[in-house]
Each structure stands twice: as structure tokens, then as C-alpha cells.
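Asker: sequence and predicted structure below; questions after.
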Amino acid sequence: MKILALPKGAESTVSEELFDWMLTIRRYLHRHPEVSFKEDKSARYIQDRLSELGIPFRAGIAGTGIVATLGEKTAATRHVALRADMDALPITEKTGLPFSSVYKGRMHACGHDGHSAMLLGAASLLQKMKFDGRIDFLFQPAEESGCGAAAMIDAGVLDGVDAVFGGHIDTHFPTGIITVDQGVICAWAEPFTISIQGRSGHAARPHEAADAVVASASLISALQTLVSRETNPNHSAVVSIGRVQAGVAHNVIADEAVLEGTLRATDSESRARTITGIQRIVAGIAALHDVEVNVVFTHSLPAVVNTGVATVTAKEAALSVVGEHGLGSQGHPSLGGEDFAFYQQVTEGCLVRFGAQHPDGAGPAHSATYDFDENVLPVGASWLAAVALRWLGDV
Ligand SMILES: [Zn+2]
Ligand SMILES: [Zn+2]
């Protein structure tokens with residue numbers, strides 16, 4: 001592992017000892033994954049590491065959230081927040097890693113174990129440095145459910161904060177690359193639930209029933225035309241149905257069907273147009289098949305929009321850590337959602353991506369075989385430390 005240089009004013013390197021410490025943390029969290037708002041053990045483990053460092057913190061924020069603090073804000077100084085997420089996914093791990101999840105149906109398949117380890121690494125680095133201003137370390141719950149950031153904000157974690165920074169591990173890019181982009185980098189995400197109410201009957205006598213399964217099939221096909229026929233081809237949008245539930249037996253016509261899906265768009269116009277389109281198609285299918293159809297948009301997630309000044313600081317920090325050859329770009333916004341977006345609705349902010357391509361190949365994020373290159377840990381910790389110092393004006 002190449003030891004990475006930190007900016008002027010920072011301690012010169014991530015030591016091997018610190019790297020090992022972060023590895024231990026990542027692997028412990030990986031073995032003991034907990035899903036959204038249930039991160040009790042993980043949060044306790046992180047609190048123990050903060051205590052080990054002697055860094056003061058407040059726990060139990062928005063459930064399991066933690067805010068650790070270094071430095072002090074005065075009238076003449078700035079106040080920056082660094083964010084990591086702690087939650088895992090309801091997936092049964094199939095990586096065969098020696099530190100695989102000990103729980104069936106729970107897995108760190110998005111790299112949040114790495115994010116928490118990196119933020120603790122950054123806290124350890126920054127603790128040894130002199131700087132003016134205040135740095136808060138946000139360990140948030142429930143990123144995957146899209147609810148954690150908003151709950152943290154409601155609990156007041158951004159009060160007085162003038163910028164928030166974070167990074168997400170990304171195995172599409174090699175380790176040592178940090179992508180920094182201004183503007184939209186993650187899409188608007190609009191999960192929805194559609195319920196269809198028909199009338200049940202004998203499979204042999206459809207004329208006595210109103211078939212919710214046939215209505216579902218029409219609906220799913222019709223929804224595909226929203227992107228292919230109604231979205232400007234120069235813009236990006238997705239409508240995916242991820243779950244369909246209907247029926248009780250092969251010879252009974254289903255009276256009910258429930259469909260769950262998500263709409264993603266990288267511009268507000270496509271988003272609004274597609275929402276209207278879903279509502280229109282739902283009404284059309286109801287009339288077409290003589291059933292009742294309702295759509296509910298369950299939890300809207302805004303786009304991650306990296307703001308100008310914060311993005312400049314994020315870029316400078318990336319250059320100082322990985323150099324010109326390591327500074328990358330996503331190329332285009334991701335259609336993934338990220339609840340970091342909520343922080344940016346309150347204050348300046350920038351979310352970057354830490355390249356972490358697995359040397360032996362591994363499954364993609366949110367798959368049962370996902371893994372990342374752990375050499376990303378010192379890159380992420382260094383960048384988090386560097387960006388905080390730069391924002392505070394101490395470099
Ligand atoms: Zn995820
Ligand atoms: Zn994630």
C-alpha cells in the first residue's frame with residue numbers, strides 16, 4: 001500500500017498502525033451488519049472507538065446516530081461536518097470472506113462499514129492536528145431506507161454547520177481515484193407502491209371476476225413507455241418495478257395485486273413529468289380493466305447536488321491526497337439515490353466517490369457477493385481529514 005500524503009499542516013501520512021486500526025473496524029462492522037435504524041451494536045462499537053481516541057461525542061441522535069466533535073467554533077472560525085453512514089442491507093452474504101456477516105439476511109453490501117471506518121480514521125488524524133474552527137463527525141443511521149439524514153437534521157446536527165462533506169466507496173473506479181463533480185451526481189429517487197383492487201373468482205370463469213394479475217401485467221408494460229416514449233432522450237430516467245405480489249392459487253383469479261417500484265431522474269423536469277405519467281397510466285389501467293388502482297409515492301429522496309464552493313474545496317483536497325492522476329469524474333450522474341441530498345438542502349455540501357475496485361473482482365453494490373478493495377480506507381480517511389482542514393482554512 002502506497003502511503004498517501006496529507007496536505008500541509010496535516011500529519012504526513014496514514015500510518016500502518018492507523019490503517020490496521022481501520023481494517024479491524026471495517027471487518028468488525030462487516031461481521032455484524034445491522035439494517036436501517038437498528039444499528040445499535042455498530043453504534044456502540046463506534047462509540048467505544050471514539051472513547052479509545054478520547055474524542056467527545058453525543059450518541060442516541062435520531063435513534064442510533066452519533067456526533068463526535070473536535071475543536072471549537074468562534075465568531076471568526078468555521079464549522080464543518082463530515083458524514084458517514086452505518087447501516088447494512090437485508091441480503092444474505094455469499095462472499096465467503098473470513099469476516100463475512102454472522103447474520104443470515106443482513107450484509108454490508110454498500111460499503112457503509114468502510115465509510116464508518118474511514119471517518120474514525122479521519123477523526124484519529126485530525127485529533128493530532130492543530131486547526132481553528134470546529135469539526136463534527138456524523139455517523140448517521142438508515143441511509144439505505146433514505147430516512148437517516150433527514151432524522152439527523154431534525155435532531156439539529158447541522159445547526160451552525162457551514163458545510164458538509166462525505167464520500168461513497170465506488171467499485172467502478174480503481175483504488176486511488178477520487179471523483180469530484182459539481183452539480184447533480186445522484187438522481188431524484190421516488191419509490192412508489194401501486195395497489196390494484198379487482199374481484200376474485202374461479203379461474204375458469206373470468207367473466208365473473210376482475211383480474212388483478214392481468215391488470216398488473218398491462219400496467220407494468222405501460223409504465224415502460226414513460227422512459228422510452230415520454231422522456232427527452234438526452235435526459236436520464238428509470239422506472240423499475242422491483243416487487244409484485246398477487247394471487248393465492250392457480251385456479252383462483254386474484255382480486256388484489258401490490259406492485260412496488262422506483263422512479264429515478266437526474267433532472268427535475270423529467271422527474272415531474274414521469275410522476276404525472278405514472279398517475280395518468282394508473283388511472284388509464286383502472287378504466288381499461290375495470291379495477292381500482294391507487295399509487296402512493298412513499299418516500300421522496302432529492303437529488304445530490306454538489307454546490308460550487310464546497311466542490312472546489314473537495315477538489316483541492318482530492319488533489320492533495322491522490323494528485324492530478326487520481327482526480328476523476330463520474331462522467332455522468334448516477335441513477336442511484338443518496339440521502340446525503342438532505343444535508344445539501346440545508347447547507348453547502350459535496351459528496352465524492354472513492355474508487356475501490358476489487359483486485360479479484362467481486363459483485364456489484366447491493367449484491368450478495370459485493371466487496372471492495374480495503375486499500376481505499378486510507379484514501380478516504382486522508383481525503384476527509386484534508387477536506388475538513390481546507391474548509392476551515394487551516395491549509
Ligand atoms: Zn446502498
Ligand atoms: Zn451506500
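Answerer: Nice, I can see it. Ligands and ions are numbered 1, 2, ... in the order given.

Asker: which strand residues bridge Ala210?
Answerer: Beta-bridge partners recorded for Ala210 (DSSP bridges): Arg199.

Asker: neighbours around it, how many?
Answerer: 20 (other Cβ atoms under 10 Å). Heads up, the C-betas are built off the backbone N, CA and C, glycines and all.

Asker: quick one: it and Arg199 touch, right?
Answerer: Yes - Ala210 sits in contact with Arg199 when judged by Cβ atoms under 8 Å, with a separation of 4.4 Å.

Asker: pull up the overlap in contacts between the two.
Answerer: Taking Cβ atoms under 8 Å, 6 or more residues apart in numbering as the contact rule, Ala210 and Arg199 both touch Asp255.

Asker: quick one: the helices in the stretch 1-150 of the chain?
Answerer: Along the stretch 1-150 of the chain, the segments classed as helices by DSSP state H, counting those that start in this stretch run 16-31, 40-53, 112-127, 148-154.

Asker: ranking these by burial, who's on top?
Answerer: Using mean count of other Cβ atoms under 10 Å, the stretch among these with the largest mean neighbour count is helix 112-127, at a mean of 26.

Asker: state the mean pLDDT of stretch 381-388.
Answerer: Averaged across stretch 381-388, pLDDT comes to 97.

Asker: list the contacts of stretch 243-260.
Answerer: For stretch 243-260, the surrounding residues in contact (Cβ under 8 Å, 6+ apart) are 191-204, 206, 209-213, 215-216, 219-220, 241-242, 261.

Asker: as JSON lines, the helices of the stretch 1-150 of the chain with mean pLDDT and distance to Gly361 would be great.
Answerer: Shown next, in JSON lines, are these (pLDDT from 0 to 100; distance: least, Cβ to Cβ, whole Å):
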{"stretch": "helix 16-31", "mean pLDDT": "97", "distance to Gly361": "18"}
{"stretch": "helix 40-53", "mean pLDDT": "98", "distance to Gly361": "27"}
{"stretch": "helix 112-127", "mean pLDDT": "98", "distance to Gly361": "18"}
{"stretch": "helix 148-154", "mean pLDDT": "98", "distance to Gly361": "30"}
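
Asker: reformat these as a markdown table; add distance to His325.
Answerer: Below are the helices of the stretch 1-150 of the chain laid out as a markdown table (distance: least, Cβ to Cβ, whole Å):
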| stretch | distance to His325 |
| --- | --- |
| helix 16-31 | 22 |
| helix 40-53 | 32 |
| helix 112-127 | 21 |
| helix 148-154 | 32 |
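
Asker: ok, back up a step: quick one: buried ones out of the contacts of stretch 243-260?
Answerer: With neighbours counted by 16 or more other Cβ atoms under 10 Å, the contacts of stretch 243-260 contain buried members at 191-192, 194-196, 198, 200-201, 209-213, 215-216, 219-220, 241, 261.

Asker: where does the stretch 101-250 of the chain dip in pLDDT?
Answerer: Within the stretch 101-250 of the chain, the set of residues satisfying pLDDT under 70 is empty.

Asker: Ala385 is nearest to which of the helices of the stretch 1-150 of the chain?
Answerer: Closest to Ala385 of the helices of the stretch 1-150 of the chain, according to Cβ to Cβ: helix 112-127, at 4.3 Å.

Asker: tell me the SS of Ala283?
Answerer: helix (DSSP: H, G, I helix; E, B strand; the rest coil).

Asker: what about it, neighbour count?
Answerer: Using other Cβ under 10 Å, Ala283 is surrounded by 13 other residues.

Asker: surely it meets Asn294?
Answerer: No - contact criterion Cβ under 8 Å: Ala283 and Asn294 do not qualify, at 10.0 Å.

Asker: hmm, back to that, the helices of the stretch 1-150 of the chain: which one's closest to Glu348?
Answerer: Set against Glu348 and scored by Cβ to Cβ, the helices of the stretch 1-150 of the chain come closest in helix 148-154, at 14.3 Å.

Asker: domain parsing for this structure?
Answerer: Here the domain parsing of the chain from automatic domain parsing is 16-185+303-392, 188-297.

Asker: tell me the most buried of the ones you listed?
Answerer: Scoring those by mean neighbour count under mean count of other Cβ under 10 Å gives domain 16-185+303-392 as the most buried, with a mean of 21.

Asker: end-to-end on it?
Answerer: Chord length of domain 16-185+303-392, first to last residue, is 27 Å (Cα to Cα, to the nearest Å).

Asker: so how far is Ile169 from Pro90?
Answerer: From Pro90 over to Ile169 the distance is 19 Å, taken as Cβ to Cβ, to the nearest Å.

Asker: likewise Ala209?
Answerer: Relative to Ile169, and taking Cβ to Cβ, Ala209 is found at 50 Å.

Asker: spatially central residue for this protein, please.
Answerer: In the chain, the C-alpha nearest the mean C-alpha coordinate belongs to Glu338, at 3.9 Å (Cα atoms, centre = their mean).

Asker: check contacts around Ala189.
Answerer: Ala189 makes contacts with Gly146, Thr262, Leu263, Arg264, Ser300, Leu301, Gly336, Gly337, as judged by Cβ under 8 Å, 6+ apart.

Asker: just checking, the first one touches His299?
Answerer: Meaning Gly146. Yes - contact criterion Cβ under 8 Å: Gly146 and His299 qualify, at 5.5 Å.

Asker: which residues of the stretch 251-395 of the chain score low on pLDDT?
Answerer: Scanning the stretch 251-395 of the chain for pLDDT under 70 picks out 394-395.

Asker: that one: helices as residue ranges?
Answerer: Under DSSP H, counting those that start in this stretch, the stretch 251-395 of the chain gives helices at 268-289, 308-326, 340-344, 376-392.

Asker: and those as CSV, adding distance to Ile25?
Answerer: Output for the helices of the stretch 251-395 of the chain, formatted as CSV (distance: least, Cβ to Cβ, whole Å):
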stretch, distance to Ile25
helix 268-289, 38
helix 308-326, 20
helix 340-344, 21
helix 376-392, 9
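
Asker: out of those, nearest to Asp136?
Answerer: helix 376-392 (9.5 Å).

Asker: helices and strands around that closest one, which ones?
Answerer: Other elements packing on helix 376-392 under the criterion 3 or more Cβ pairs under 8 Å, 6 or more residues apart in numbering; DSSP states H and E are helix 16-31, strand 79-85, helix 112-127, strand 133-140, strand 163-170, helix 308-326, strand 348-355.
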